[in-house]
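[1] The sequence and its predicted three-dimensional model are supplied below.
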Amino acid sequence: MTTSQLSKDQKPGAARREGHPGIALTVIAACQLMVVLDATIVNIALPHIQDALKFSTTDLTWVVSSYTLTFGGLLLLGGRAGDILGRRRVFMTGILLFTFASLLGGFAQEPWQLLAARALQGVGGAIASPTSLALITTTFPEGPERNRAFGVFAAVSAGGGAVGLLAGGMLTEWLDWRWVLFVNVPIGVLIAVLTPLYISESERHPGGRFDIAGALTSTLGMAALVYGFISAADEGWRDSMTLGSFGAAVVLLLAFAFVETRAADPITPLRMFTDRNRSGTYVIMLSLAAAMFGMFFYIVLFVQNVLGYSPIAAGVAFLPVTMVIAIGAGLSQRFLPVLGPKPFMLVGSALAVIGLVWQTLISSDSSYVGGVLGPMLVFGFGMGLNFVTLTVTAVSGVAQHEAGAASGLLNATQQVGGSLGLSILTTVFGSASKDEAEKQLPKFMADGSAEQKAEFAKTQQLPAPWGHDVLTHGISMGFVAAASMAVLALITAWLVIRVRKSDLEALAGTPGPMAG
C-alpha cells in the first residue's frame, strides 16, 4: 500500500501506528509522571539551589510556588484548550513547553531565571496534565480496558512523588542540582516524538470559548497574595510592597469573581460552590494542601541542613511517608462505599492535626525518628485517608459532563492551596527566625571562634549550632500555622460535610488527585 493510499484510508488525526494501546498508555503515563514528579524532584535539591544561586530561605519558596501557582492557576484552562483545539495537539504543546522550560531552568545563572523557568514549567504542566487524563477516554474504550488505564494513571500520580524524591537525591548527589531539570528534556522529546505515532487526535469543538480573563485574574491574584505574605516575612507588614501586593491581590481576585459570573464558559464554574459538600471538600483540600506543601519544604531543609543528610539519604528518608499515604488511600477507596466519606475526612484531618502538632516540638536536638519520621507517618496516613475521599465527594452529584470540571477544580485547589500555605508558613518562619537570631547573636559573639565570626561578617548567616537553633525555631513556629490549617480542615469536615453513602456508590473507583 502506498503512502497516498494509506493517508486516504486513515481518518484525519489518526495515530500513524494504531493498535498499540500499551505504548499509548505508556506515553500518557510518562507525561503524568514527569509533571507530578517535578513537584517533588526539585525539593531535595533546594539546599543546593540555595547555595548555588544565593537564595534566601524565604525567597527559596518561590522555586516551589512559581511552579505550583501557574500549574494550579491554569489547570482548568489547559483542560478546556484540549476540548476546543484537539487533545493530542494541546498535549504535545504542553509537553514541548514543559521540556523547553526545563532546559532553561537547568541553565539558570540567576534566581530570576530559575523562577521564570519554573513558572513556564507550570504553564506547560497545566496544558499537558489535564489533557493526558482526557486522552485516556478517547484512546481506550469504555469498560475494563479504560478502567485499567485509569488505574495506571492514578498509580503514577500517587507514586510520582516518591520517584521524584529518590530521583532528585540521586541526580543532585551524583551529578548536579541542575540535572533535576535537565532530566526532563530527553523524556519530553521522546514523548513528543511518540505521541503522533500512537495516539489519535480527539474531536475538536471550535465553537468553545477560552476564559483567558478568568485564568489571568485568578493566577495573578493568587501570585500577588503569595508575594504579599513572602514580602511580609522579609520586609514587614507595613512595607509598601507588602501592602501593595495585598491590595493588588484583592482587586484581581474580585475582578476574577466578577469575570466568572459573566463568562459564557467560565474557567471556574461558580455553581460548583453552591453545594455544601463540594464547597466543604474544596476547603478541606485547600487547608490540607497548604499544610502539606509547607511541611515538606521545611522538613527537607531540616533533614539536610541540621541532620546533615545527603540528598540521596534525604530522598530515602521520605519514602515511608509515601508508603503510608498509599496505604491510607487504599483503605479509604475500599471502605468508602461502606462507611461513607465523613469518617475518613474526620479521622484523616484529625491525624493531620496530630502529626503537625507533634512537629511543632522539633528542635536542633531532634532525631530523625522522633522529630521527622514519627509525625510524618501520622500526617501521611491522614492525608492518604483524605485524597480519594475528597475526590469522590467532589464529583458526587455532579452531571457527567461536569465531572471533569469538579475534579479539575479540586486539583487546582490543591496546587494553589499549596502555594498559599507555603507562603503563610514562610511569613511565620521569617518572623520567628529573625527573633531567634537576635537571641542567638550575643551567644555566638561570646562563644564563636574567630574564623566563624569572619565568615559571619561575610554571609550574615549564623553558623552551627547557633544557626541550627534559628532554623529549627522558625520551622517549629511555622508548623503551628500548619497545624491551624489542618484544624480548619477538621472543623469543616465535622460541621459542613453531609454527603450520604448512597451518593458515592457509582463513584468509588474515581482516581484521586495528584499527591505531592
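    Structure received.

[2] and Leu252, how many neighbours does it have?
    Applying other C-beta atoms under 10 Å, we find 19 residues neighbouring Leu252. Placement of C-beta: from N, CA and C, glycine included.

[3] residues touching it, list them.
    Thr217, Ser218, Leu220, Gly221, Ala224 (C-beta atoms under 8 Å, 6 or more residues apart in numbering).

[4] just checking, which of the residues you listed belong to strands?
    When DSSP state E is applied, the contacts of Leu252 are split such that none fall in strands.

[5] By neighbours, which of those wins?
    Ranked by neighbour count (other C-beta under 10 Å), those have Ser218 at the top, with 27 neighbours.

[6] Not counting its neighbours along the chain, what's nearest it?
    Phe256 (4.6 Å; C-beta to C-beta, 6 or more residues apart in numbering).

[7] Got the phi and psi for that neighbour?
    phi -60, psi -50 (degrees, to the nearest 10).

[8] lowest-pLDDT helix or strand in the protein?
    With mean pLDDT, DSSP states H and E as the measure, the helix or strand of the chain carrying the lowest mean pLDDT is helix 3-9 (a mean of 46).

[9] Pretty sure Thr68 is one of the things Met222 touches, is it not?
    No. With contacts counted by C-beta atoms under 8 Å, Met222 stays clear of Thr68, the gap being 9.8 Å.

[10] quick one: which of the contacts of Leu252 is nearest to Pro130?
    Comparing these against Pro130 with C-beta to C-beta places Ser218 closest, at 15.7 Å.

[11] For stretch 363-370, give me every contacting residue.
    So stretch 363-370 is in contact with 303, 306-307, 309, 317, 371-372, 465, 468-469, 471-473, 476, going by C-beta under 8 Å, 6+ apart.

[12] could you dump stretch 23-36 to PDB, C-alpha only?
    Extracted C-alpha coordinates of stretch 23-36, given in PDB (Å, rounded to 0.1, in the frame of the first residue of the first chain):
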ATOM      1  CA  ILE A  23       2.500   2.100  24.100                       C
ATOM      2  CA  ALA A  24      -0.200   4.800  24.000                       C
ATOM      3  CA  LEU A  25      -0.800   4.300  27.700                       C
ATOM      4  CA  THR A  26       3.000   4.400  28.400                       C
ATOM      5  CA  VAL A  27       3.300   7.700  26.600                       C
ATOM      6  CA  ILE A  28       0.300   9.200  28.500                       C
ATOM      7  CA  ALA A  29       1.600   7.900  31.900                       C
ATOM      8  CA  ALA A  30       5.100   9.100  31.200                       C
ATOM      9  CA  CYS A  31       3.800  12.600  30.800                       C
ATOM     10  CA  GLN A  32       1.800  12.500  34.000                       C
ATOM     11  CA  LEU A  33       4.800  11.000  35.800                       C
ATOM     12  CA  MET A  34       7.100  13.800  34.600                       C
ATOM     13  CA  VAL A  35       4.600  16.600  35.600                       C
ATOM     14  CA  VAL A  36       3.900  15.100  39.100                       C
END
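
[13] buried ones in it?
    Within stretch 23-36, the residues scored as buried using 16 or more other C-beta atoms under 10 Å are Ala24, Leu25, Val27, Ile28, Ala29, Ala30, Cys31, Gln32, Leu33, Met34, Val35, Val36.

[14] for stretch 229-240, same thing?
    Of all the residues in stretch 229-240, those buried under the rule 16+ other C-beta under 10 Å are Phe229, Ile230, Ser231, Ala232, Ala233, Asp234.

[15] Next: stretch 84-104.
    84-102, 104.

[16] That one - what's its average pLDDT?
    The predicted model gives stretch 84-104 an average pLDDT of 88.

[17] Thought Ala215 was touching the residue nearest to Ser218, still the case?
    No. Between Phe256 and Ala215 there is no contact under C-beta under 8 Å: 9.1 Å.

[18] for stretch 70-84, the distance to its chain's centre please.
    Taking the mean of its C-alpha atoms, stretch 70-84 sits 15 Å from the chain's own mean (C-alpha atoms, centre = their mean, to the nearest Å).

[19] Check stretch 124-133 too.
    Centroid separation for stretch 124-133 versus its chain: 14 Å, with C-alpha atoms, centre = their mean.

[20] Would you mind putting the CA coordinates of that stretch into PDB?
    The C-alpha coordinates for stretch 124-133 follow below in PDB (Å, rounded to 0.1, in the frame of the first residue of the first chain):
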ATOM      1  CA  GLY A 124       3.400  23.500  30.300                       C
ATOM      2  CA  GLY A 125       2.300  21.100  33.000                       C
ATOM      3  CA  ALA A 126      -1.200  22.800  33.200                       C
ATOM      4  CA  ILE A 127      -1.600  22.300  29.500                       C
ATOM      5  CA  ALA A 128      -0.400  18.700  29.400                       C
ATOM      6  CA  SER A 129      -1.600  17.100  32.600                       C
ATOM      7  CA  PRO A 130      -5.500  17.500  32.300                       C
ATOM      8  CA  THR A 131      -5.200  16.700  28.600                       C
ATOM      9  CA  SER A 132      -3.300  13.400  29.300                       C
ATOM     10  CA  LEU A 133      -6.200  12.200  31.600                       C
END
